[in-house]
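Q: Here you go, sequence then predicted model.
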Amino acid sequence: MTIVRADQPMGLKQLFDETGSSTYTYLLWDTETKDCVLVDPVDVKVDRDLKEVEELGLNLIYGINTHAHADHITGTHLLKQQVPTMKSIISAASQAKADLTVANGDRIVFGNRSLVVKSTPGHTEGCVSFVADDESFVLTGDALLIQGCGRTDFQGGSAEHLYQSVHSQLFSLPKSTIVYPAHDYKSRTQSSIGAELESNPRLGGGKTQDDFVEIMAGLDLAYPKKIDVAVPANMRCGVPDVE
Ligand SMILES: N[C@@H](CCC(=O)N[C@@H](CSS)C(=O)NCC(=O)O)C(=O)O
Ligand SMILES: [Fe+2]
C-alpha cells in the first residue's frame, strides 16, 4: 500500500549541467524512507548525482527520463552500472529501451511518495511530464519550458500535439503548481502553471493553436550539436554505440 505524505514536502534538489546541454536533473526523495529517483540525468554528471545521493543518505530506486533526449546522452546507463539495483524508466510511447516503461496515468512510487505520469507529446512523440503526488510541482521535461516550450521540428514533433498536451495536461493543474523544466538557457530555475498560463509567449495569454503553429514554424533553430549521437544512444537507455 502507498501512503502519500501530502502534508510534508517531497525532498527535491535541482541540479544543472553547465557543460553544454543546460539540462536540469532532479533528485527527488521521500524524506522518511530515503528512497529517491533521478529524473533526466546527464552522462557527464553521473558522478555528481551519485555524490548527492550518497551525501543525503538516499537509496536510488529509479533513473527516469522524460523523453529520448536529442542534445545529451542520458546518464541512466552509467547509473545502472554503478547502482545495479536501480531500474531505468521511460515512456512506452518513446519506443526507447528501459527496464520499465510507463504511460499516461501511471504512478511511479518511491517510498511513500509518487509521481503521476502525464502524457505530453509534441516535442517528441514519447514525451511525458511527472506531477508530484501533492501537485506541488510538475517536471515538464521539454514540453513546457519557462516562458517557452520544446521545439517541434524533429523526433516526431508536432506543434498541434504540443499545444493540446500543454493545455489539457499541464495548464489544467493548479495555478500554484511549480513548473520545473528539463532545460533553461537563461539561468531561470522555476516557474508556475499560473505564470505560464498568463504570459508564456508561445502558449499562454490566450494564444490559439493556430498562433502556436505559426510561432513554432518560424523558430528556425539550429539542430542540437549532439543529436546524431544522442538520439540513437538514448533509444538504448544511454548505451553508447559499439562498433
Ligand atoms: N543549443 C543546444 C540545443 C538547443 C535546443 O534545441 N533545445 C531544445 C531542447 S533540447 S532537445 C529545445 O526544444 N529548445 C527550444 C527553444 O526554444 O530553444 C545544443 O546544441 O545542444
Ligand atoms: Fe528534448
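A: Cool, got the structure. Numbers count the residues shown, from 1 in each chain. Ligands and ions are numbered 1, 2, ... in the order given.

Q: Checking my notes, residue 198 in a strand, right?
A: No: per DSSP: H, G, I helix; E, B strand; the rest coil, residue 198 lies outside any strand segment and is helix.

Q: which one is it nearest to, not counting chain neighbours?
A: Spatial nearest neighbour of residue 198, chain neighbours left out: residue 204 (5.7 Å); criterion: CB to CB, 6 or more residues apart in numbering. Every residue, glycine included, has its C-beta placed from N, CA and C.

Q: do residue 126 as well
A: In space, residue 126 is closest to residue 94, 2.8 Å off (CB to CB, 6+ apart).

Q: Show the pLDDT at that neighbour.
A: pLDDT, residue 94: 98.

Q: what's the answer for residue 241, then?
A: Per the predicted model, pLDDT is 82 at residue 241.

Q: do residue 197 as well
A: 98.

Q: Enumerate every residue touching it.
A: By CB atoms under 8 Å, 6 or more residues apart in numbering, the contact set of residue 197 is 171, 175, 204.

Q: what stretches of the protein score poorly on pLDDT?
A: Low-confidence segments of the chain (pLDDT under 70): 1-7, 242-243.

Q: redo that, cut-off 90
A: Low-confidence segments of the chain, defined by pLDDT under 90: 1-9, 240-243.

Q: Would you quantify the distance from the most centrally placed residue in it to residue 54?
A: Central residue of the chain (CA atoms, centre = their mean): residue 141, 3.0 Å from the mean position. Per CB to CB, to the nearest Å, residue 141 is found 26 Å from residue 54.

Q: picking up where we left off before, any idea how many residues pack against the residue nearest to residue 126?
A: Other residues near residue 94 come to 24 when the count uses other CB atoms under 10 Å.

Q: Ramachandran coordinates for the spatially closest residue to residue 38 that is not a sequence neighbour?
A: Nearest in space to residue 38, with sequence neighbours left out and distances taken as CB to CB, 6+ apart, is residue 63 at 5.2 Å. Dihedral pair for residue 63: phi -110, psi 120, per degrees, to the nearest 10.

Q: measure residue 63 to residue 140 for me?
A: The value you get for residue 63 to residue 140, if CB to CB is used, is 18 Å.

Q: sorry, back to before: now restrict the contacts of residue 197 to buried residues only.
A: For the contacts of residue 197, a neighbour count by 16 or more other CB atoms under 10 Å gives the buried set as 171, 204.

Q: and which of the contacts of residue 197 is nearest residue 130?
A: Ranked by distance to residue 130 (CB to CB), the contacts of residue 197 are led by residue 171 at 16.3 Å.

Q: if I look at the residue nearest to the closest one when sequence neighbours are not counted, how far off is residue 180?
A: Among residues not flanking residue 171 along the chain, residue 197 sits closest, at 5.1 Å (CB to CB, 6+ apart). Shown here: residue 197 relative to residue 180, a distance of 16 Å by CB to CB.

Q: Would you mark the buried spots in stretch 209-217?
A: Across stretch 209-217, burial judged by 16+ other CB under 10 Å covers 212, 213, 216.

Q: next one: stretch 189-204
A: Here stretch 189-204 shows 191, 192, 193, 194, 195, 196, 197, 200, 202, 203, 204 as buried, counting by 16+ other CB under 10 Å.

Q: What parts of the chain come near ligand 1?
A: Those residues of the chain that sit near ligand 1, judged by CB under 6 Å from any ligand atom, are 21, 69, 70, 71, 142, 148, 150, 151, 183, 221, 224, 225.

Q: switch the cut-off to 5 Å
A: Neighbours of ligand 1 within the chain, by CB under 5 Å from any ligand atom: 70, 71, 142, 148, 150, 151, 224, 225.

Q: Neighbour-wise, give me the winner out of those.
A: Most neighbours among the residues of the chain next to ligand 1, by other CB under 10 Å: residue 142, with 29 neighbours.
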